[in-house]
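K.L.:
mind folding the following:
(3 chains)
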Amino acid sequence: CGAASAQSTVTLFGVVDAAYRNVSNKSESVPATLFTPYYSVKASRTELANSGLSSSRLGFRGVEDLGGGLSASFWLEAPITNDDGATGVSNFSRRSTVSLAGSFGEFRIGRDKTATVLNDEQFDPFGDTGIGGSLIIDANEGSLSGTGYGSNSTYKRAGNMVQYFLPRNLGGFYGNLGYSFHEITRLSPDTITGADRTNTGRHIGGRVGYASGPVDVAVSYAQNDTSFTSGSGSSAVARPGKIKTFNLGATYDFGVAKLFGEYSRSKDQRDPLNIFTPVPSTDLTGYLIGVTVPIGPGQIRASYSQVKYDYNRVPALFAVNTPDPKSNKFALGYVHNLSKRTALYGTIARVTNKNGAGNTVGAGPSYVATYNRVALQPKSSMGYEFGIRHSF
Amino acid sequence: CGAASAQSTVTLFGVVDAAYRNVSNKSESVPATLFTPYYSVKASRTELANSGLSSSRLGFRGVEDLGGGLSASFWLEAPITNDDGATGVSNFSRRSTVSLAGSFGEFRIGRDKTATVLNDEQFDPFGDTGIGGSLIIDANEGSLSGTGYGSNSTYKRAGNMVQYFLPRNLGGFYGNLGYSFHEITRLSPDTITGADRTNTGRHIGGRVGYASGPVDVAVSYAQNDTSFTSGSGSSAVARPGKIKTFNLGATYDFGVAKLFGEYSRSKDQRDPLNIFTPVPSTDLTGYLIGVTVPIGPGQIRASYSQVKYDYNRVPALFAVNTPDPKSNKFALGYVHNLSKRTALYGTIARVTNKNGAGNTVGAGPSYVATYNRVALQPKSSMGYEFGIRHSF
Amino acid sequence: CGAASAQSTVTLFGVVDAAYRNVSNKSESVPATLFTPYYSVKASRTELANSGLSSSRLGFRGVEDLGGGLSASFWLEAPITNDDGATGVSNFSRRSTVSLAGSFGEFRIGRDKTATVLNDEQFDPFGDTGIGGSLIIDANEGSLSGTGYGSNSTYKRAGNMVQYFLPRNLGGFYGNLGYSFHEITRLSPDTITGADRTNTGRHIGGRVGYASGPVDVAVSYAQNDTSFTSGSGSSAVARPGKIKTFNLGATYDFGVAKLFGEYSRSKDQRDPLNIFTPVPSTDLTGYLIGVTVPIGPGQIRASYSQVKYDYNRVPALFAVNTPDPKSNKFALGYVHNLSKRTALYGTIARVTNKNGAGNTVGAGPSYVATYNRVALQPKSSMGYEFGIRHSF
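P.N.:
Purely as a prediction, here's the structure:
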């Protein structure tokens, strides 16, 4: 066993985070007629989970000083599942980049988090981990009837990306800009059968922020091409489109407490199927307020968030429009630091869904969809977990 | 290339073990009638193998001193196949744990070896590696007509496990207790179609031992839920059940030689299919005697072991019951240490099967099952290997 | 984060290489009759690629001094895709070996490069990476109608291999010899249905070279068993055969420029299908000339190579034989070293195919094979890339 040679600078780092977790997801029948029976079905699971406080990972990184203020660096970071040992270093999907940095800033090439999710995580007391994690991210990554959000594969991270980061000495201002290649093969002439003219997978995003003293505020914008094909065979329909996401977040540290706030707005735009059937876009609006309170070596965390879909339906004549889906989430947790690297923690969280929204606390079993041939709708998701997080 | 920063304590460790190996597995026709022809078919394979002396692996581990006698640690260990390079660090199925330890002992969370196999390995001169390795483990992990041993997936290791280890200062006593979650989703009401009420995959086990001077003795007990479904579609039959394993091992070091002994007893209990057809349990009894003899920088190793199945058949009226399957194994080897980390080794081993048992020396091709439409039965497995083991 | 303990010698090393790459592959219809329309179709792709200058990788290696001039060592090296993070350390297919070395030379066991490809890379200014990389390797690994080259899986690397390397103090002479096990299960009697009597996957190869002062020259020979089955079911036909490859390469360093040259000849020999239909072997001849010119901290690289297939057709009576396929490649590049570990680079390359050859610059989309039901033939492949390579 061992590791070594002092001349170099490869750093091995990681997190092993394990938690006892219980999540119950309840769904209910929606009375369609007077004769529809009422059913309520709960799916629950108790498990040993990972990534309750920080995402479990193993990584390799290093920096080389090239002289003249210039440096080259790399970062390879793999997600791992230390609860069951099933996932090793099989990919570097968390981050996989090579950088060239200097007084001009940093060029970073490869797979990385998007500007969008940097904001989502920075302005949420629970970030994107555990059952308390961001409802805004969950909603933006989940599908709902008629929306393309579920195909928004570059919401959180994008591969094949070239990024530019502002230098660090701008008096508190920071920011970055990223472009991710779709890497789709083009045919010329493109009238050939099977020629793909979409840009599916292309991501463009950036953010600008300002951090100084107690205040930190940042705004991000991204545009992800989410063209996809619904149905298959002769009923396959190409659905060109893109999802545009804007968010704005801020924290203010009062010392006795740190306040968090975020506002997020996404628009799922589909091209018209034909000139007679334009497809209204689906909007997804979210906001979050949160707080962390330091208590000795520990910290209390709490957040309340809400997401709302808007199908932009044409007002119905002589009738009431179907109400749009929405969800809200409440999360409360405590982190007890045994050291800078090691902590014990506990979290409880609850998500409530309305009108067909199907968000969960971010883990656990799926909602049951039918009972005795009666369709059920997601109602609420309730979870608690306690665990240990060890970084290295 | 490189590695480094002295402030920290990540240790990179592993084993690369490569061997030339030849295994021949012979099967024979069983004369069902006077007219059944006698056939004997041998399947043999020569290969470059891995893990002849120690299991090839690559791992990362570290300890953090938390002060006050408390420490946090992690251990991530992947199996690798250095002979063909096909398996990298794709999982940490060998071990994947995070621990909190102190004067009270150690809590260890994640995937690890079971108490059962700790005993199997500790009291066998060949452990569980190479063609000389434990017949008791092989039999407990292999299926035989009518037994559920083949579905005993948590015999050797279990994921999603919480373990407690006794502290090290108990005057020679040691021990641990583990519980592994089945993580099956429960539905409420559980009368819904597809609701799974089994605990398949749940493991409970522990062991207690005493090591002092020349003597080391330990006893373990485990209970693994191995409920499974045989058949599929409309003929699918749920087979709830569990396998209970007890074993007792000891070594005594005379200096000129170290003696090994182990006794193992497992019971595969199935719930009755219905009240008219109770299913008798299948017992699997194994024992082993072994010896290691140090010779200069080398060591001779030898073992003899036997396993026997008992179907607990009701005595037949006016007839002789079919005899129960059994296997025995003989293994002999020599290890020549070039250093503490590097060794050359050679092993020969032979397994003999009776009455339908199908054990092998633990490697090599499968027994051929039919020849000219005549069913064959496993008879014997013969192997030899020599190789190099290098640890780091 | 961290790494360490000075007592040991595990070295973590790797390469992250990312490039902007564009490749266009053009195919054309071949006028079969006067009425065949002329079509030209181009498939092109722009992407963020990896391994433009050096193959992206992550590895672990170490050496143990055993005393008396003897040493044990290991080398585990995984290919990675740092552009998209999709491939982590999931296998050690680049190299996975354990060695015992001394004054007698080195025995190396496991997966490694073959002698053949060591020559191909050493005597090509572009080695086997990026769009400028070896056309000779591409051709030897690609299939063409009627050839078994595509099944030559051990052309570049072989697993389950035992190698011997000459010691380093032979006055400039170097060389190695390798044998790779096919690991096919043998049945005895081998008349049983399904018995496999081939040696598919077996590799035997070696090379001898001489390097002194400005000159480096080496010759290699390998024989790979590439028996395969074409068709399936009742029309399956076993095609026993082997591919024999000889190559000879040299470099001469004039200081102001270094010249490269390689000659390669492979023969794909198939056993006769029956005594009436012998199968002529397909020969594949390649040569390369190249040059590198150091310019300050940079280097210009250029190469021209050609490969030619020979089907050894029996001369047609009163007709002209179909001409044999051939390809040539031109590559030009510049490497700008920011340090020993970090470089920026750019390359352009073009491959031209004739008579059905289908080589590309080694990356990019496939040639389009049909347009409006007219079959197309590969014509040319054109690519350019520029990127950054960072080693650690």
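K.L.:
tell me where the model's unsure across chain A.
P.N.:
Residues of chain A that meet the criterion pLDDT under 70 lie in A:1-8, A:32, A:233-235.
K.L.:
residue numbers of the stretch 101-250 of chain A in contact with chain C?
P.N.:
The stretch 101-250 of chain A comes close to chain C at residues A:109-111, A:159-162, A:181, A:183-189, A:192, as judged by Cβ under 8 Å from any Cβ of the partner chain. (Glycine included, C-beta is placed from N, CA and C.)
K.L.:
ChimeraX command to pick out the buried ones of these?
P.N.:
Here is the ChimeraX command that selects the buried residues among those (16 or more other Cβ atoms under 10 Å in any protein chain shown):
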select /A:109,110,111,159,160,161,162,181,183,184,185,187
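K.L.:
narrow the residues of the stretch 101-250 of chain A next to chain C to those in strands?
P.N.:
Those of these mapping onto strands are A:109-111, A:159-162, A:186-188, per DSSP state E.
K.L.:
and which of the residues of the stretch 101-250 of chain A next to chain C is nearest to A:Tyr384?
P.N.:
Proximity of those to A:Tyr384 (Cβ to Cβ) peaks at A:Arg111, which lies at 33.1 Å.
K.L.:
what sits against that closest one?
P.N.:
A:92-93, A:95-97, A:157-161, C:82-85 (Cβ atoms under 8 Å, 6 or more residues apart in numbering or on different chains).
K.L.:
who are the packing partners of the helix or strand A:Asn224 falls within?
P.N.:
Using DSSP states H and E, A:Asn224 sits within strand A:215-225. Counting contacts by 3 or more Cβ pairs under 8 Å, 6 or more residues apart in numbering or on different chains; DSSP states H and E, strand A:215-225 packs against helix A:115-122, strand A:203-212, strand A:241-253.
K.L.:
how big is the angle separating that strand from strand A:203-212?
P.N.:
180 degrees (axes from the mean of the first three to the mean of the last three Cα atoms, to 10 degrees).
K.L.:
which of the residues in strand A:215-225 are buried?
P.N.:
So strand A:215-225, judged by 16+ other Cβ under 10 Å, has buried residues A:216-225.
K.L.:
what does stretch A:190-198 give?
P.N.:
Here stretch A:190-198 shows A:195, A:198 as buried, counting by 16+ other Cβ under 10 Å.
K.L.:
the helices in chain A, which residues?
P.N.:
A:115-122, A:135-141 (DSSP state H).
K.L.:
tell me which of these sits nearest to B:Ser145.
P.N.:
Nearest of the helices of chain A (Cβ to Cβ): helix A:135-141, 47.7 Å.
K.L.:
and the strand holding A:Asn224, which strands flank it?
P.N.:
With DSSP bridges as the test, strand A:215-225 is paired with strand A:203-212 (antiparallel), strand A:241-253 (antiparallel).
K.L.:
what angle sits between the last one and helix A:115-122?
P.N.:
Right, the one you point to is strand A:241-253. 30 degrees.
K.L.:
could you check how far A:Tyr38 is from C:Thr185?
P.N.:
If you measure A:Tyr38 against C:Thr185 using Cβ to Cβ, to the nearest Å, the figure is 62 Å.
K.L.:
please name the bridge partners of the residue of the stretch 201-350 of chain A found nearest chain B.
P.N.:
In the stretch 201-350 of chain A, the residue that lies nearest chain B is A:Thr342 (4.2 Å; Cβ to the nearest Cβ). Beta-bridge pairing of A:Thr342 under DSSP bridges involves A:His390.
K.L.:
now the helices of chain A in CSV, with distance to B:Phe104 and mean neighbour count?
P.N.:
Converted to CSV, these look like this (distance: least, Cβ to Cβ, whole Å; neighbours: other Cβ atoms under 10 Å in any protein chain shown):
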stretch, distance to B:Phe104, mean neighbour count
helix A:115-122, 36, 25
helix A:135-141, 39, 25
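K.L.:
do you know which of those helices lies nearest A:Tyr210?
P.N.:
helix A:115-122 (12.5 Å).
K.L.:
of the contacts of A:Arg111, which is the nearest to B:Tyr384?
P.N.:
A:Phe92 (41.5 Å).
K.L.:
and the residue lying closest to the closest one once chain neighbours are set aside, how far from A:Arg95?
P.N.:
Nearest residue to A:Phe92, sequence neighbours excluded (Cβ to Cβ, 6 or more residues apart in numbering or on different chains): C:Gly85, at 4.1 Å. C:Gly85 sits 7 Å away from A:Arg95, going by Cβ to Cβ.
K.L.:
overlap in contacts of these two?
P.N.:
A:76, A:110-111.
K.L.:
which of the residues in stretch A:309-329 are classified as buried?
P.N.:
Counting neighbours by 16+ other Cβ under 10 Å, the buried set in stretch A:309-329 is A:309, A:311, A:324-329.
K.L.:
among those, which lie within strands?
P.N.:
Those of those lying in strands (DSSP E): A:309, A:326-329.
K.L.:
farthest-apart pair in those, please.
P.N.:
Top of the distance list for those (Cβ to Cβ): A:Tyr309 and A:Lys329, 15.0 Å.
K.L.:
for B:Phe13, find the nearest of the strands paired with strand A:215-225.
P.N.:
strand A:203-212 (39.3 Å).
K.L.:
list of residues touching that closest one?
P.N.:
Under Cβ under 8 Å, 6+ apart, the answer for strand A:203-212 is A:114-116, A:118-119, A:154, A:158, A:161, A:171-180, A:216-225, A:245.
K.L.:
report the contact partners of the residue nearest to A:Phe92.
P.N.:
A:76, A:91-96, A:110-111, A:159.
K.L.:
for it, grab phi and psi.
P.N.:
Note on C:Gly85: its backbone torsions stand at phi 70, psi 10 [degrees, to the nearest 10].
K.L.:
roughly how far apart are it and B:Lys354?
P.N.:
Taken as Cβ to Cβ, the span from C:Gly85 to B:Lys354 is 54 Å.
K.L.:
A:Val41 now?
P.N.:
As it turns out, when the distance is counted by Cβ to Cβ, A:Val41 lies 53 Å from B:Lys354.
K.L.:
neighbour count for these two, which is higher?
P.N.:
Neighbour comparison, A:Val41 and B:Lys354: the larger count goes to A:Val41, with 24 against 15 (by other Cβ atoms under 10 Å in any protein chain shown).
K.L.:
what bridges to the more buried one?
P.N.:
Bridge pairing for A:Val41 - DSSP bridges - gives A:Ser27.
K.L.:
that one touches A:Ser366, doesn't it?
P.N.:
No - between A:Val41 and A:Ser366 there is no contact under Cβ atoms under 8 Å: 11.4 Å.
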